[in-house]
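J.: quick check, what structure comes out for this input:
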Amino acid sequence: MLTFAQGVSDLTHYGNKWGWSATGEVFVPQLVMYATPPNFYGKPEKVDRDIHTFLVQHGFQGFHVFVTCRWFDLDEEDCRNVAGVDPSLDSRTFDALEMLITKTYRAGGMVHLWMWGDEERGQTPSARPDWGGVDGPVAKKVEAAIAERLGALPGWSMGYGFDLDEWVTADEIHRWRDRMHGLLPRFHFLGGRPGGPNRGENHRRYQRWNRGLDYASYEHHKPSYRVYLAALEANPDEPVFSEDRFRVLESSDRKHYSLQEVRRGLWQSTLAGGVANIWGYLMEGGSHELGSAPFPNRGQIRAHFEFMRGRFLADMERCSPKRAEPERRSLCLRSAAGRHYIFYKENADHVELGLRAMKGPQPVVAIDTRKPYAEVEVGMLAPGSHVWETPHRSDWALAVGRFERSPRATTAVPAAPPPAPAEETNFVTSSHPVTRLGEGERYYTDRAYTLAVVPPWLEDALWIRTSNDEKHAAREPLLRFEISRDAIVYVGFDRRARHLPGWLRDWEPVHERLHVNGDVMGYFELYRRRFPKGTVTLGATSAPGADFGDAGRSQYVVAIVRESVH
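T.: The predicted structure is shown next:
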């Protein structure tokens with residue numbers, strides 16, 4: 001068994017902010033869904049790769065793992081399938097968790113475990129009456145083994161399971177917490193998520209459940225900034241965890257997230273004061289068993305981490321109005337001494353900066369949160385009220401003050417390459433609107449769908465905005481435009497197509513995607529072709545050869561650049 005000295009840094013809290021004990025650093029646990037134990041047992045190289053992918057390249061602060069009845073059998077999550085009234089424990093499960101916790105901690109991150117799972121799926125001790133239930137000898141044997149095998153390791157926390165209101169009471173949760181602390185050789189945060197609030201800002205009915213646990217937990221469904229803020233205000237003295245799993249899935253379920261909502265959720269939960277979350281991209285190979293796949297917008301996620309590193313401070317408090325909405329008014333955090341501020345505003349062409357309480361002139365930098373991390377120098381500002389006109393409309397974050405920003409323990413990632421120069425606006429002539437391509441922009445003239453993730457090499461390319469109602473047209477050519485110089489034309493085509501239309505089949509696939517918000521399609525696959533200056537004609541989405549099977553379809557989109565940048 002690995003052990004750590006008592007003097008190493010442990011998870012702790014400062015008021016209701018999560019932190020590390022040895023450094024006094026505060027942070028917001030933005031965790032990523034990880035694989036179940038059989039998928040990483042005996043695979044240290046996989047854990048190392050995943051730490052690099054998610055902690056280094058993305059900037060997440062750690063992993064979330066649910067264990068269920070794998071305590072008894074690495075390959076079995078359903079307690080109803082475990083033989084015997086006094087089953088043996090499976091050391092492989094503990095070996096896997098020990099390796100993950102140790103490697104993640106040494107990389108500067110944390111692991112949050114769910115001890116049990118869901119009653120309906122048999123993932124709980126209450127599913128086995130012959131075990132004596134949640135307070136029975138079998139459950140207590142697991143608790144003792146966790147304390148013995150994992151208790152001395154720093155850097156992990158534990159929730160009791162999920163959908164707890166369906167199978168366990170507040171009193172039983174509290175007894176479990178107290179038993180565990182009587183066994184653990186060092187402190188670990190222990191808690192358990194109640195049944196809400198799924199909607200709304202009223203957290204009062206869950207106070208008894210959370211009182212006496214080590215962190216306050218809630219089952220929010222897609223929480224807004226004001227929901228995060230209400231949860232923190234209900235718990236001024238202990239850290240808060242929005243402990244549902246926030247997943248990007250191909251589904252119309254209103255609980256599920258778009259990539260834009262993930263990005264904004266990171267910022268809103270931080271600007272509220274610091275609420276922990278669990279995120280997962282369950283497409284392109286991601287699943288509940290295998291964990292999250294890499295997020296297509298990892299540069300945006302990393303930008304949040306890089307901006308907050310050394311800037312999210314223990315004494316920061318909200319300085320924006322309580323009823324503020326991020327698309328209407330700047331969100332704000334301010335240090336007690338009045339020398340450090342963070343501002344954030346969405347879909348902004350200007351940002352209000354309330355600095356009347358600031359101590360002396362301070363430097364200001366900004367980032368466009370829709371892009372990989374790149375600071376924009378705003379300059380020095382004196383105390384007072386200011387309005388900063390943004391270079392372009394986007395979601396902006398600003399840091400005011402001189403911050404001490406020592407590097408984290410994770411390996412640094414290379415700086416993002418500079419963006420391609422903006423395209424001239426006068427070399428494309430079309431009867432359709434021609435504008436610049438960028439994240440957050442609408443891509444049809446007749447729908448509110450917006451672009452979620454744009455490859456950096458297409459940022460600021462020219463964009464011919466078509467209408468989605470043209471998707472059923474079969475006339476040829478469908479689109480005609482003029483280019484006054486040689487150019488590369490990119491077509492983003494609905495990824496649901498089983499076969500491309502004949503006119504597109506000799507185009508080069510780029511193996512990149514345009515991810516979108518609103519459209520159930522999820523993303524366009526990209527194709528390109530070089531054209532000399534002159535007239536360009538493109539066929540129809542539903543032209544001969546196209547086959548979408550029983551799926552829906554969306555009209556293709558078109559971007560144009562002067563030369564190859566990819």
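
J.: contacts and neighbour counts: CA atoms only from here.
T.: Fine.

J.: quick one: mean pLDDT for stretch 126-138?
T.: Averaging pLDDT along stretch 126-138 yields 95.

J.: apart from its chain neighbours, what residue comes closest to Ala336?
T.: Among residues not flanking Ala336 along the chain, Asp315 sits closest, at 5.8 Å (C-alpha to C-alpha, 6 or more residues apart in numbering).

J.: near that neighbour, how many other residues are there?
T.: Look at Asp315: counted by other C-alpha atoms under 10 Å, it has 15 neighbours.

J.: from Val351, how far off is it?
T.: 23 Å (C-alpha to C-alpha, to the nearest Å).

J.: try Trp71
T.: Between Trp71 and Val351 the distance is 51 Å, computed by C-alpha to C-alpha.

J.: what do you get for Lys471?
T.: Taken as C-alpha to C-alpha, the span from Lys471 to Val351 is 39 Å.

J.: what's the domain layout of this protein?
T.: 11-308, 317-400, 428-561 (automatic domain parsing).

J.: among these, show the one with the smallest mean pLDDT.
T.: domain 428-561 (a mean of 87).

J.: got phi/psi on Tyr228?
T.: The phi and psi values for Tyr228, taken as degrees, to the nearest 10, are phi -60, psi -50.

J.: still on that earlier bit, who has more neighbours, Lys471 and Val351?
T.: Each of Lys471 and Val351 has its neighbours counted (other C-alpha under 10 Å); Val351 has more, 24 against 17.

J.: so is that one in a helix, a strand, or just coil?
T.: What DSSP: H, G, I helix; E, B strand; the rest coil gives for Val351 is strand.

J.: ok, and the closest non-adjacent residue to it?
T.: Trp388 (5.2 Å).

J.: distance check, that neighbour against Glu439.
T.: Computed with C-alpha to C-alpha, the distance linking Trp388 and Glu439 is 21 Å.

J.: over to Glu243?
T.: Counting by C-alpha to C-alpha, the gap from Glu243 to Glu439 is 29 Å.

J.: just how off-centre is stretch 524-535 within its chain?
T.: Mean-position distance between stretch 524-535 and its chain equals 34 Å (C-alpha atoms, centre = their mean, to the nearest Å).

J.: next one: stretch 187-205
T.: Distance of stretch 187-205 from the chain centroid (C-alpha atoms, centre = their mean) equals 20 Å.

J.: any buried residues in that stretch, and which?
T.: By neighbour count on 16 or more other C-alpha atoms under 10 Å, the buried set for stretch 187-205 is 187-197, 201, 203.

J.: all the strands of the stretch 51-200 of the chain, residue numbers only.
T.: Taking DSSP state E, counting those that start in this stretch as the test, the strands found in the stretch 51-200 of the chain are 62-66, 110-114, 156-159, 190-191.

J.: the stretch 201-350 of the chain now?
T.: Under DSSP E, counting those that start in this stretch, the stretch 201-350 of the chain gives strands at 216-218, 240-248, 275-281, 317-318, 331-334, 341-355.

J.: the first one pairs with which strands?
T.: In the sheet, strand 216-218 lines up against strand 240-248 (parallel) (DSSP bridges).

J.: extract the CA atoms of the partner strand and return them as CSV.
T.: The C-alpha coordinates for strand 240-248 follow below in CSV (Å, rounded to 0.1, in the frame of the first residue of the first chain):
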residue,chain,number,x,y,z
VAL,A,240,-20.4,23.2,-2.9
PHE,A,241,-20.7,20.5,-5.6
SER,A,242,-23.2,20.4,-8.4
GLU,A,243,-23.0,16.6,-8.4
ASP,A,244,-24.9,15.5,-11.4
ARG,A,245,-22.9,14.4,-14.5
PHE,A,246,-23.1,17.1,-17.2
ARG,A,247,-23.0,15.2,-20.5
VAL,A,248,-22.7,16.1,-24.2
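
J.: how far does that strand sit from its chain's centre?
T.: Distance, stretch centre to chain centre, for strand 240-248: 10 Å (C-alpha atoms, centre = their mean).

J.: over to stretch 493-505?
T.: Distance, stretch centre to chain centre, for stretch 493-505: 31 Å (C-alpha atoms, centre = their mean).

J.: tabulate the CA atom coordinates of that stretch in PDB.
T.: What follows is stretch 493-505, C-alpha atoms only, in PDB (Å, rounded to 0.1, in the frame of the first residue of the first chain):
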ATOM      1  CA  PHE A 493     -21.800  18.700 -44.900                       C
ATOM      2  CA  ASP A 494     -24.300  17.100 -42.600                       C
ATOM      3  CA  ARG A 495     -22.500  14.200 -40.800                       C
ATOM      4  CA  ARG A 496     -25.700  12.000 -41.000                       C
ATOM      5  CA  ALA A 497     -25.300  11.500 -44.700                       C
ATOM      6  CA  ARG A 498     -24.600   7.800 -45.500                       C
ATOM      7  CA  HIS A 499     -23.500   8.800 -49.000                       C
ATOM      8  CA  LEU A 500     -22.500  12.200 -50.400                       C
ATOM      9  CA  PRO A 501     -24.100  13.700 -53.400                       C
ATOM     10  CA  GLY A 502     -22.200  13.000 -56.600                       C
ATOM     11  CA  TRP A 503     -20.800  16.600 -57.000                       C
ATOM     12  CA  LEU A 504     -19.100  16.400 -53.700                       C
ATOM     13  CA  ARG A 505     -17.500  13.000 -53.900                       C
END
